[in-house]
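Visitor: sequence plus predicted model, see below.
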Amino acid sequence: MSKILISQKDLHATKSGVPRIVHQQLKFFSNSGHEAYAIAERIDKEAVLNSGGIPYKTFRWPISGYYRRINYQKRVSKAVKKLGPELVIGHGDIVEQDICYIHNCVHLAYELINGKKIPADHEVGRIHGEILTKQKFKVLVCNSQMMKNDLMERFKVPEAMIEVLYPMYSSEKFNLESGKRDSKRAELKLNEEDVVIGFITSGNFKKRNLSLVIESVAKLKQTTETPIKVLVAGKDKTEKYQERINALGLAEDFIFLPSIDRVEDYYAASDIFVLPAHIEEFGLSIMEAMACGKAVVTSNKTGASELIEGDSRDFILKDKTVDELFRKLRILVEEQDLRLKLGQLNAEVAIGHSDTEKESCFSELLKAKGFNF
């Protein structure tokens, strides 16, 4: 039996992508007979225990900012000395570790969203810069080829140290049969003839480019007689978006929804999934929507777009302009047979990247890099 320490500063929530990956890792190590510790400032202890892990909560510095992150790193270092783990896995919050997972291209994302370089005092940028410059890890795991290319160029990380490991979705939760389409559409007062576009994320509507969806749908409404509704799901401030929607006369067409555990019901209620993100280092919601049999429109700056195949690649945005998204949405809104065809294709492609098909990827990575667990 070996001791494993997995660090992720915030493990309080369990719906977002990074905590889900941590819990997958906890289950892997506990099922293999090892002691797997999850260390965090904020932690759902019950969820960690249910995944077979041992929760290890650190002190949370009361003032947010860069110093809180430095303080967390010191706490993790003390835990490493105390526990003496054979393997340390970090998820973007600590400098020293054996395996470093980076989930966000902080510098590239800032440049694409804001059109300028990230400020020197940006707290996450500073931490990531330190991690990637000092390179005190044996393996750097990226979740897309896009991320790998950026980190190699920006921080001169040797290619031999980097592995691309695409995040896996739950095939049990997301599949062609999952989701209560009829009841959810009835609950949302959607008509049978409505073509429903789903913009379904964990949040951060600016990064995911909700503004582009709003402007493109406004143009679409002027050129088609097909009734359209848009579901917007995720946790973010909505006031400025709702103001623009109202100004465009679309108040009855956009439905803002909270994040829920049964997000598969949102996918089921939708006919088209759209995520024209400025950047999405992977975008698990894309794969989930594909697995649920939805036609997908996304941008070429999403990691998951690297996995889209066949005719569905025609709906990957290159320029992210209003006219480009409008044209692709209009085709899918007006051509039901094409929507269904692409949805079926996407479901077939997605299953190859599910947890059931790729659960051995993490094990193979460990063995390939000399970690015998």
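Guide: Noted; the coordinates are in hand.
Visitor: next, G234: secondary structure please.
Guide: At G234 the chain is in strand, as set by DSSP: H, G, I helix; E, B strand; the rest coil.
Visitor: how many neighbours does it have?
Guide: 20 (other CB atoms under 10 Å). Any C-beta I mention is one placed from the backbone N, CA and C, and that applies to glycine too.
Visitor: for it, what are its contacts?
Guide: 199-205, 208, 259 (CB atoms under 8 Å, 6 or more residues apart in numbering).
Visitor: which residues touch the closest residue in space to Q135 that isn't next to it in sequence?
Guide: Setting aside the residues directly before and after it, Q135 is nearest to V157 in space (CB to CB, 6 or more residues apart in numbering), at 6.3 Å. Taking CB under 8 Å, 6+ apart as the criterion, V157 is in contact with 132, 135, 140, 151.
Visitor: about what we covered before: so which of the contacts of G234 is the most crowded?
Guide: R208 leads these on contacts (other CB under 10 Å) with 29 neighbours.
Visitor: and the next helix or strand past the helix or strand that V274 is a member of?
Guide: Here V274, judged by DSSP states H and E, is contained in strand 272-275. Next in sequence after strand 272-275, counting helices and strands by DSSP H and E, comes helix 284-291.
Visitor: what lies in contact with that next one?
Guide: Contacts for helix 284-291 (CB under 8 Å, 6+ apart): 17, 20, 167, 169, 171, 174-176, 198, 200-202, 263-264, 267, 270, 273, 275, 280, 296, 298, 302, 304-305, 307-308, 346-347, 349-351, 353-354.
Visitor: off-centre distance for it?
Guide: 10 Å (CA atoms, centre = their mean, to the nearest Å).
Visitor: save the contacts of G234 as CSV, and put in distance to A247, pLDDT and secondary structure too.
Guide: Shown next, in CSV, are the contacts of G234 (distance: CB to CB, whole Å; pLDDT from 0 to 100; DSSP: H, G, I helix; E, B strand; the rest coil):
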residue, distance to A247, pLDDT, secondary structure
F199, 19, 98, strand
I200, 24, 97, strand
T201, 23, 95, strand
S202, 27, 89, strand
G203, 23, 92, strand
N204, 23, 94, coil
F205, 17, 97, helix
R208, 21, 97, helix
S259, 26, 90, coil
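Visitor: ok, these vs Q25, which is closest?
Guide: Closest to Q25 out of those is S202 (19.5 Å), distances taken as CB to CB.
Visitor: you'd agree that closest one is up against G17?
Guide: Yes: using CB atoms under 8 Å, S202 makes contact with G17 at a distance of 7.4 Å.
Visitor: quick one: the residue of the chain most remote from its centre from R75, how far?
Guide: Distance from the C-alpha centroid of the chain, by CA atoms, centre = their mean, peaks at E225 (33.9 Å). Note on E225: its distance to R75, by CB to CB, to the nearest Å, is 60 Å.
Visitor: how about V213, phi and psi?
Guide: Main-chain torsions, V213, degrees, to the nearest 10: phi -60, psi -40.
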